[in-house]
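Visitor: Fold the stuff below for me.
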Amino acid sequence: MRIIPAIDIIDGKCVRLTKGIYATKKVYNENPLEVAKQFENAGIEYLHLVDLDGAKAKHIVNYKTLEQLASKTNLKIDFGGGLKSNEDLIIAFNSGARQITGGSIAVKDSKTFEQWISKYGSEKIILGADCKSNKIAINGWQKESDKKVIPFIKYYQQKRIQYVICTDIAKDGMLEGPSINLYKNIIEEYSNSSTSRSIKLIASGGISSFDDLISLSGIGCEGAIIGKAIYENRISLKELENYILNH
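Guide: Numbers count the residues shown, from 1 in each chain. Modelled structure (predicted):
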């Protein structure tokens, strides 16, 4: 299972929110590059970078931060937050993103999102399936759509999507453990289907201990995004380094 630390950006600073609520913002470091280099020094290869200003503004904002992290580390960065247009995507890829994550656009403008999958390929485009009470949330998690998680993923899986990041918003930033049952249900849905290509499910939200990573790996998650647990020293970079070395 891939270990993918998260850096969320507001005003160029490394922050964390709780349940996606901007009023809960806590700044952990004013220099995201410093944080990214710490991850890289621990043997981590991947980074989940979220432009929270972009999610609010509905267009890419913090691409300079992306550019800096991509050019000054060797981390493979997946980038999301506010990507709504072809221009946003071009800026993100030109700024060094290896992959981009589309969430709201996959709900509100499926035609454009499907064109991205066709144009850039399923290795480059990640589906963001962030949910609240089993319904997909949009607009930086501020609104709930009428789409249920598994049918939503299934629709895009038929459009050749491979990578899916699924966050249970109720768990995000709470340090109370991830939604194991939700991820189990998603994974079982695909393993039980003879016609479905498998998806690479990346768990996000609620991870609070090293044991959570073992549990997620055990049920078949392809990756795990870790945020607050690192910043609050619930999981040490040394533990992650050892995990990566031994798997």
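
Visitor: C-alpha from now on. contacts and neighbour counts both.
Guide: Fine.

Visitor: On the three-state scheme, Thr167 is what?
Guide: What DSSP: H, G, I helix; E, B strand; the rest coil gives for Thr167 is strand.

Visitor: Let me know how buried it is, in neighbour terms.
Guide: 26 (other C-alpha atoms under 10 Å).

Visitor: now swap in Asp88 and tell me
Guide: Residues contacting Asp88 under the criterion other C-alpha under 10 Å number 18.

Visitor: where are the low-confidence patches of this structure?
Guide: 139-143, 192-197 (pLDDT under 70).

Visitor: all strands of it, in order?
Guide: Secondary structure of the chain (DSSP state E): strands at 2-10, 13-18, 21-29, 46-51, 76-80, 99-102, 125-128, 131-132, 135-138, 143-148, 163-167, 200-204, 223-226.

Visitor: From the chain's centroid, how far away is the shortest one?
Guide: The offset between the C-alpha centroid of strand 131-132 and the centroid of the whole chain comes to 14 Å, using C-alpha atoms, centre = their mean, to the nearest Å.

Visitor: which residues sit against that strand?
Guide: Residues outside strand 131-132 that contact it (C-alpha atoms under 8 Å, 6 or more residues apart in numbering) are 137, 144, 149, 166-170.

Visitor: Mind putting the residues you listed into JSON lines with distance to Ile126?
Guide: Output for the contacts of strand 131-132, formatted as JSON lines (distance: C-alpha to C-alpha, whole Å):
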{"residue": "Ala137", "distance to Ile126": "16"}
{"residue": "Glu144", "distance to Ile126": "20"}
{"residue": "Val149", "distance to Ile126": "15"}
{"residue": "Cys166", "distance to Ile126": "10"}
{"residue": "Thr167", "distance to Ile126": "13"}
{"residue": "Asp168", "distance to Ile126": "17"}
{"residue": "Ile169", "distance to Ile126": "18"}
{"residue": "Ala170", "distance to Ile126": "21"}
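
Visitor: What is the nearest of the residues you listed to Ile230?
Guide: Checking the contacts of strand 131-132 against Ile230 with C-alpha to C-alpha, the nearest one is Thr167 at 17.1 Å.
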